[in-house]
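In: sequence-free structure coming up:
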């Protein structure tokens, strides 16, 4: 049994996969706060039959080191750490220096390319948006060529940085799906969602103009549902893109 581990900036996610089964099972997630949380350790201590750990992450080195120690103590194995490559699993990344593309984005590209091929018979162009601590946008052609992408601060960072850099009173922002607002708290909340949502629509048009085919919009990350409610495009929510990408290396 394989344990797949995705270490993000603020959380750690995992799933189990049998090498002969394409499906992932027994998902788990926890906020790490720079160290492995006790609830994760309790769950992992109960896992039996783990013979391989496949991991990747953009999170803190301390968390990665802790994962390695736990894997050695529990199952006597070291994690196989996946890093960004210029080409893998039918995907070719746009960055001339592969290490400068976050491995989470790299794995999401692979997961989407494989998912589209399985769902549609033939891959399609895709706009992949991962709305987490940061919001990343990646454009993928149908043939697996990555065109590049963009990065914005995440919704919470966007709000916090505005409040920290101005004299605006610290209203608790209301969660409102508004095009505009008549209250400062709601104005901040709505703009922090409308801005990244508008960029989704803009990039979707640009990608369609580039390839002549309407792209598939794939959303992931903790704020995916917030963005989905604010855009006027059909979208598919796939919350476990990085873990699916890791499975391709099993």
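Out: Perfect, thanks for sending it. This one's a predicted model, so the numbers in the text were calculated from it and none came from an experiment.
In: For the chain, which segments count as helices?
Out: Along the chain, counting by DSSP state H, helices occupy 38-45, 61-75, 103-120, 155-164, 184-211, 224-228, 241-247.
In: Deepest-packed of the ones you listed, please.
Out: When the helices of the chain are scored by mean count of other C-beta atoms under 10 Å, the highest mean neighbour count falls to helix 241-247 (a mean of 26). For glycine as for every other residue, the C-beta is placed from the backbone atoms N, C-alpha and C.
In: nearest to residue 51, of the helices of the chain?
Out: Residue 51 sits nearest to helix 61-75 of all those, at 7.2 Å, using C-beta to C-beta.
In: Relative to the whole chain's centre, how far out is the lowest-mean-pLDDT helix or strand in the chain?
Out: Within the chain, no helix or strand scores below helix 155-164, which has a mean of 87 by mean pLDDT, DSSP states H and E. Counting by C-alpha atoms, centre = their mean, to the nearest Å, helix 155-164 is centred 20 Å from the centre of its parent chain.
In: Repeat that for stretch 11-28.
Out: 16 Å.
In: end to end, how far does that stretch reach?
Out: This stretch, stretch 11-28, spans 11 Å end to end (C-alpha to C-alpha, to the nearest Å).
In: Quick one: residues in contact with it.
Out: 1-6, 29-32, 36-37, 40, 43-44, 47, 57, 59, 63, 67, 222, 240, 242-244, 247, 250 (C-beta atoms under 8 Å, 6 or more residues apart in numbering).
In: Start and end of stretch 180-187, how far apart?
Out: Note: stretch 180-187 ends 6 Å apart using C-alpha to C-alpha.
In: rewinding a little: so for residue 146, which of the helices of the chain sits nearest?
Out: helix 103-120 (5.7 Å).
In: Who are the packing partners of the closest one?
Out: On a contact count with 3 or more C-beta pairs under 8 Å, 6 or more residues apart in numbering; DSSP states H and E, helix 103-120 meets strand 52-57, strand 91-92, strand 126-131, strand 134-140, strand 216-220, helix 241-247.
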